[in-house]
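Participant: just to be clear, the model below is a prediction. Sequence and coordinates:
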Amino acid sequence: MTDTEHPSRVGKAVVPAAGLGTRFLPATKATPKEMLPIVDKPAIQYVVEEAVDAGLDDVLMVTGRSKRSIEDHFDRAYELEEALRAKSDTQRLYSVRESSELAQVHYVRQGEPRGLGHAVLCASAHVGDEPFAVLLGDDLIGRNEALLRRMIQVRETYGGSVVALMEVEPDHVSLYGCAAIEPTDEDDVVTVTDLVEKPAVDQAPSRWAVIGRYICDPAVFDVLRETPPGRGGEIQLTDALLQLAQRKPADGGPVHGVLFRGQRYDTGNKIDYLRTVVEFACERQDLAAEFLPWLRDFVDRHPAAGDDA
Ligand code: UTP
């Protein structure tokens with residue numbers, strides 16, 4: 001298909017970061033979970049870097065209560081910069097300025113956390129009538145993966161919306177939206193025929209779970225306006241995408257999935273957060289030489305629960 005058939009390019013990224021983060025209390029009482037550090041950078045900065053790497057440098061953050069720190073992080077910090085400059089600490093000065101120069105960051109507030117679908121709806125005035133990307137602010141994709149770029153390509157080829165799907169263990173399907181899928185001519189692309197939010201294992205249409213990257217057709221906004229609260233009393237993005245999956249291209253459909261087999265980290269969940277910090281630290285040249293030997297020794301001294309010492 002050509003650009004004229006699906007004329008508008010994906011140019012904007014929406015990063016919902018207005019959730020309550022209850023799984024991470026009490027740390028998230030006054031700090032958004034998206035600001036929890038992965039080594040020395042907040043999770044949400046990796047997400048913005050991913051958007052920029054995929055060519056999206058217009059980023060709209062959907063923030064809520066106690067989200068001031070997100071705005072401060074992506075803004076200039078003149079006093080701090082001055083203090084570092086006075087000490088000629090150029091490396092730290094660079095790291096402090098980096099986040100404020102990454103992208104054009106905009107903000108909209110979600111007054112009440114009424115669900116991911118509602119957070120995305122809050123972006124409608126900024127996004128307008130263009131397809132756009134949604135990147136969840138606590139969901140990290142490995143730095144060498146080209147997932148978002150691939151999803152943008154799939155949108156350019158097929159139109160409609162695109163979700164990222166990852167195969168999960170059967171006992172994990174109830175934590176995600178799960179998709180019923182049909183193959184296309186491309187190995188890593190499927191057509192989504194059904195979506196079920198957090199199904200019981202025996203009701204899951206597959207083990208392909210929707211993870212935190214989406215390309216949405218702007219038709220999603222009208223659908224979200226009409227979407228009643230679903231599971232957990234929240235307006236679910238999955239419910240709106242299911243509507244679009246059943247539509248013809250002229251009405252904002254269909255929905256395709258990109259099958260993702262790379263690295264992904266859900267930093268809003270404690271075990272995954274710990275894994276992420278350890279993995280990222282082990283990949284850092286400035287830390288690995290000291291951290292890895294300590295980690296090996298620590299593991300040797302702490303056999304897994306149930307193992308013989
Ligand atoms: P989650 O369901 O993981 O976020 O939403 P949560 O509700 O903050 O987490 P827990 O379950 O209470 O620990 C996925 C993403 O959607 C955003 C969250 O900030 C997160 O990035 N979100 C969720 C919103 O922006 N608004 C909402 O109303 C709900």
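Facilitator: Good, I have the coordinates.
Participant: beta partners of residue 166?
Facilitator: residue 209 (DSSP bridges).
Participant: tell me which residue of the stretch 151-300 of the chain lies closest to the ligand.
Facilitator: Nearest residue of the stretch 151-300 of the chain to the ligand, counting by Cβ to the nearest ligand atom: residue 268, 4.7 Å away. For every residue, glycine as well, the C-beta is placed using N, CA and C.
Participant: and the stretch 1-150 of the chain, by the same measure?
Facilitator: Closest point on the stretch 1-150 of the chain to the ligand, by Cβ to the nearest ligand atom, is residue 19, at 2.0 Å.
Participant: for residue 218, which non-adjacent residue is spatially closest?
Facilitator: residue 129 (5.0 Å; Cβ to Cβ, 6 or more residues apart in numbering).
Participant: and the helix or strand encompassing residue 275, how far out from the chain's middle?
Facilitator: Assigned by DSSP states H and E, residue 275 belongs to helix 270-283. Put simply, helix 270-283 sits 17 Å off its chain's centre (Cα atoms, centre = their mean, to the nearest Å).
Participant: do the same with stretch 221-231
Facilitator: 20 Å.
Participant: mean confidence score for it?
Facilitator: On average, the pLDDT along stretch 221-231 is 92.
Participant: related to what we said a few turns ago, neighbours of the residue nearest to residue 218, how many?
Facilitator: 10 (other Cβ atoms under 10 Å).
Participant: quick check: it touching residue 12?
Facilitator: No - Residue 129 is beyond contact range of residue 12, at 11.5 Å (criterion: Cβ atoms under 8 Å).
Participant: please name the nearest non-neighbouring residue to residue 276.
Facilitator: For residue 276, ignoring the flanking residues on the chain, the nearest one in space by Cβ to Cβ, 6+ apart is residue 265 at 4.1 Å.
Participant: so which elements touch whichever helix or strand the one you found is part of?
Facilitator: For residue 265, the host element (DSSP H and E) is strand 264-266. On a contact count with 3 or more Cβ pairs under 8 Å, 6 or more residues apart in numbering; DSSP states H and E, strand 264-266 meets strand 139-141, helix 270-283.
Participant: now the helices for the stretch 51-200 of the chain?
Facilitator: Applying DSSP state H, counting those that start in this stretch to the stretch 51-200 of the chain gives helices spanning 68-73, 78-86, 90-101, 116-121, 124-127, 147-158.
Participant: tell me the most buried of those helices?
Facilitator: helix 116-121 (a mean of 24; mean count of other Cβ atoms under 10 Å).
Participant: got a list of contacts for that helix?
Facilitator: 14, 16, 18-19, 62, 110, 113, 134, 136, 216, 220-221, 224-225, 227, 234-240 (Cβ atoms under 8 Å, 6 or more residues apart in numbering).
Participant: quick one: buried ones out of those residues?
Facilitator: Buried by 16 or more other Cβ atoms under 10 Å: 14, 16, 18-19, 62, 110, 113, 134, 136, 216, 220-221, 224, 227, 234-240, out of those.
Participant: give me the nearest residue to the residue sitting nearest the centre point of the chain, chain neighbours excluded.
Facilitator: Relative to the mean C-alpha position of the chain, the nearest C-alpha, by Cα atoms, centre = their mean, is the one of residue 136, at 2.6 Å. The spatially closest residue to residue 136, leaving aside those adjacent along the chain, is residue 212, at 3.1 Å (Cβ to Cβ, 6+ apart).
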